[in-house]
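Participant: Requesting a structural model of the entry that follows:
(4 chains)
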Protein chains: 2
Amino acid sequence: MKADTPRIEEYLESIYKLQQDEHPVTTSRLAEHLKLSAPSVSEMVKKLAQKKLVNHTEKGVCLTQEGNRIAKKVIRRHRLSERLLTDILGFRWDEVHDEACRLEHAISPEMEKHIEESLGNPKTCPHGFPIPDENGVIAKEKLRPLSELKASDKGIIVSVFEEDPKMLQYLATLGLIPEVCVRVEEVAPFGGPLIVCVSGSRYALGREVASKIKVK
Amino acid sequence: MKADTPRIEEYLESIYKLQQDEHPVTTSRLAEHLKLSAPSVSEMVKKLAQKKLVNHTEKGVCLTQEGNRIAKKVIRRHRLSERLLTDILGFRWDEVHDEACRLEHAISPEMEKHIEESLGNPKTCPHGFPIPDENGVIAKEKLRPLSELKASDKGIIVSVFEEDPKMLQYLATLGLIPEVCVRVEEVAPFGGPLIVCVSGSRYALGREVASKIKVK
DNA sequence: ATATAGAGTTAGGTACACCTAATAAACGGA
DNA sequence: TCCGTTTATTAGGTGTACCTAACTCTATAT
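Facilitator: Just a heads-up that it's a prediction; the model follows:
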């Protein structure tokens, strides 16, 4: 009864991601994220609970210590894969997510180490998210979503939480990528767009997209 | 009914490999190579035949054109993976086979291209076997097994057909790796060992091992 | 207060890839 | 020629992960 077959890894990884925002991780949200039917997820969650990888209460699903450990291991592999793809194999940042989704389940602990060393111990993936160390420890910084800045606030982009290649390409053409400095010029009222200034150019940015961009 | 799920790829790859030597590819040889029971293989071969990926006759299993195409695609990915592992990620040649067995099913056509370019279009894997091009074309050379050389014959090692890490390590310590020149000093009668000379040192080499080393 | 929408689970069923045990067919040696 | 071994297949069964349809809650709106 081994606990880290690809399927299980995918469930734990999804649960981990959905835990990031405040909302509870419900069966239906999980089903949507995994593109599976609700009953399939319901059943699988039961099995994960049996294996002591998640706790399932009225308020939703949450990872146990062990579940968390495995999820972070997978995320470590995902982000290391993304770095390998961009830094060594010459992929663009918008191309790597789907590739990494496949690679993350095919990487041994030894390969993990080798990638890490060959890359010079990178701290983040190409989208700015931290790569957990071998023990699953993640370096934390306190970050704000770009959408919460006020007019004339500025910050340095740390991460871009977006998996859609088209949107990533678009953001890259605007120069909205990690490490770059961004200044908010104007915030339209009633949930309207932000006007931001990036390396001399001004752009309008929807609130929803802006909320996926974290700055420090 | 897609035809290239990991399981199917593994079967086709095994069949391809077993086709290399003269012997017909029987159900039992396949079962042994895949470490599965004979009935499982029997059943799966039937399905592969339905999908028109193999022909199954009295004399054994053989790949159809399409089966061959897929097998070579997988082998291409396997060998490119091995090169990536040794040349870029710093693995030793005896460590890469098992890693590559997992990677080969997780690599997209785009990644294939990127690996190839990053490596400078390598022609062979670390064990000396040719990497098929995108169209599955394999550059052929006429080679002899080391075991068939006579006393005082010499040749340059081209490939080492051995998957066992221990044996690969051992051969590497003797210097029996691709590109190296080897001379046969003596051939013991009745299937006994060969005495070979490699970069100044002399070693006894069993016939079975010697037959896995191809020279030109 | 009750009808109804929504979320979650149960029931029942499919596909897939594997297994063991038993059977059938082929083949080499006494 | 016949027997025993090897080789392949059939029969029957398991576990896993998915599905749809139907049911059961709960919570809200009229």
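Participant: what's near enough to touch A:Val196?
Facilitator: A:Val196 sits next to A:146, A:176, A:182-185, A:202-203, A:205, A:210 when contact means Cβ atoms under 8 Å, 6 or more residues apart in numbering or on different chains. C-beta here means a position set from N, CA and C on the backbone, and glycine is covered the same way.
Participant: Show me which of those is closest to DNA strand D.
Facilitator: DNA strand D lies nearest to A:Ala210 out of those, by Cβ to the nearest atom of the strand, at 29.4 Å.
Participant: What is the end-to-end distance of stretch A:120-134?
Facilitator: 15 Å (Cα to Cα, to the nearest Å).
Participant: circling back to that earlier point, among the contacts of A:Val196, which are within reach of chain B?
Facilitator: Among these, no residue sits close to chain B (Cβ under 8 Å from any Cβ of the partner chain).
Participant: In strands, which of those residues appear?
Facilitator: In this view, these that belong to strands under DSSP state E are A:182-185, A:202-203, A:205.
Participant: Return a selection command, for use in ChimeraX, containing the buried ones of the contacts of A:Val196.
Facilitator: In ChimeraX, this line selects whichever of the contacts of A:Val196 come out buried by 16 or more other Cβ atoms under 10 Å in any protein chain shown:
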select /A:146,176,182,184,203,205,210
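Participant: quick check, nearest of the contacts of A:Val196 to B:Gln19?
Facilitator: A:Leu176 (52.8 Å; Cβ to Cβ).
Participant: from what I can see the closest one touches A:Glu162, true?
Facilitator: No: between A:Leu176 and A:Glu162 there is no contact under Cβ atoms under 8 Å: 9.9 Å.
Participant: So what touches the helix or strand that contains A:His114?
Facilitator: Counting by DSSP states H and E, the element that carries A:His114 is helix A:109-118. Helix A:109-118 has contacts (Cβ under 8 Å, 6+ apart) with A:76-77, A:80-81, A:83-84, A:88, A:107, A:122, A:134, B:85, B:88-91, B:95, B:99.
Participant: Who are the contact partners of the residue nearest the centre of chain A?
Facilitator: The centre of chain A sits closest to A:Phe161, judged by Cα atoms, centre = their mean, with a distance of 5.6 Å. With contact taken as Cβ under 8 Å, 6+ apart, A:Phe161 is in contact with A:127, A:129, A:212-214.
Participant: Kindly recompute the last result at 10 Å.
Facilitator: A:Phe161 makes contact with A:17, A:20-21, A:127-129, A:145, A:211-214, according to Cβ atoms under 10 Å, 6 or more residues apart in numbering or on different chains.
Participant: And for stretch A:19-36, what's in contact with it?
Facilitator: Stretch A:19-36 has contacts (Cβ under 10 Å, 6+ apart) with A:7, A:10-11, A:13-18, A:37-45, A:54, A:56-63, A:68, A:71, A:161, A:211.
Participant: same check, this time on stretch A:41-49
Facilitator: A:3, A:7-8, A:10-12, A:14-15, A:25-34, A:36-37, A:53-57, A:60-61, A:63-64, A:67.
Participant: Same list, these, but only the ones touching DNA strand C.
Facilitator: Restricting those to those adjacent to DNA strand C (criterion: Cβ under 7 Å from any atom of the strand) gives A:26-28, A:56, A:60.
Participant: Just the ones of the contacts of stretch A:41-49 in helices?
Facilitator: Among the contacts of stretch A:41-49, the ones falling in helices (DSSP state H) are A:7-8, A:10-12, A:14-15, A:27-34, A:67.
Participant: Of these, which is the most crowded?
Facilitator: Sorting the ones in helices among the contacts of stretch A:41-49 by how many neighbours each has (other Cβ atoms under 10 Å in any protein chain shown) puts A:Leu12 first, at 27 neighbours.
Participant: circling back: turn the contacts of A:Phe161 into JSON lines, including pLDDT.
Facilitator: Formatted as JSON lines, the contacts of A:Phe161 follow (pLDDT from 0 to 100):
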{"residue": "A:Lys17", "pLDDT": "93"}
{"residue": "A:Gln20", "pLDDT": "87"}
{"residue": "A:Asp21", "pLDDT": "82"}
{"residue": "A:His127", "pLDDT": "92"}
{"residue": "A:Gly128", "pLDDT": "88"}
{"residue": "A:Phe129", "pLDDT": "90"}
{"residue": "A:Pro145", "pLDDT": "90"}
{"residue": "A:Ser211", "pLDDT": "88"}
{"residue": "A:Lys212", "pLDDT": "89"}
{"residue": "A:Ile213", "pLDDT": "92"}
{"residue": "A:Lys214", "pLDDT": "90"}
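Participant: Looking at these, which are in strands?
Facilitator: A:145, A:213-214.
Participant: Report the buried members of the residues you listed.
Facilitator: By neighbour count, with 16+ other Cβ under 10 Å, the ones in strands among the contacts of A:Phe161 hold A:213-214 as buried.
Participant: Of the ones in strands among the contacts of A:Phe161, which is the nearest to DNA strand C?
Facilitator: Using Cβ to the nearest atom of the strand, the ones in strands among the contacts of A:Phe161 come closest to DNA strand C at A:Pro145, 24.4 Å.
Participant: Quick check: the nearest residue to the closest one once chain neighbours are set aside vs DNA strand C, distance?
Facilitator: In this structure, A:Pro145 finds its nearest non-sequential neighbour in A:Ser211, 4.6 Å apart by Cβ to Cβ, 6 or more residues apart in numbering or on different chains. Counting by Cβ to the nearest atom of the strand, to the nearest Å, the gap from A:Ser211 to DNA strand C is 21 Å.
Participant: A:Ser211 - how many residues pack around it?
Facilitator: A:Ser211 is flanked by 14 other residues according to other Cβ under 10 Å.
Participant: ok, now A:Glu148?
Facilitator: A:Glu148 sits with 15 neighbouring residues when counted by other Cβ under 10 Å.
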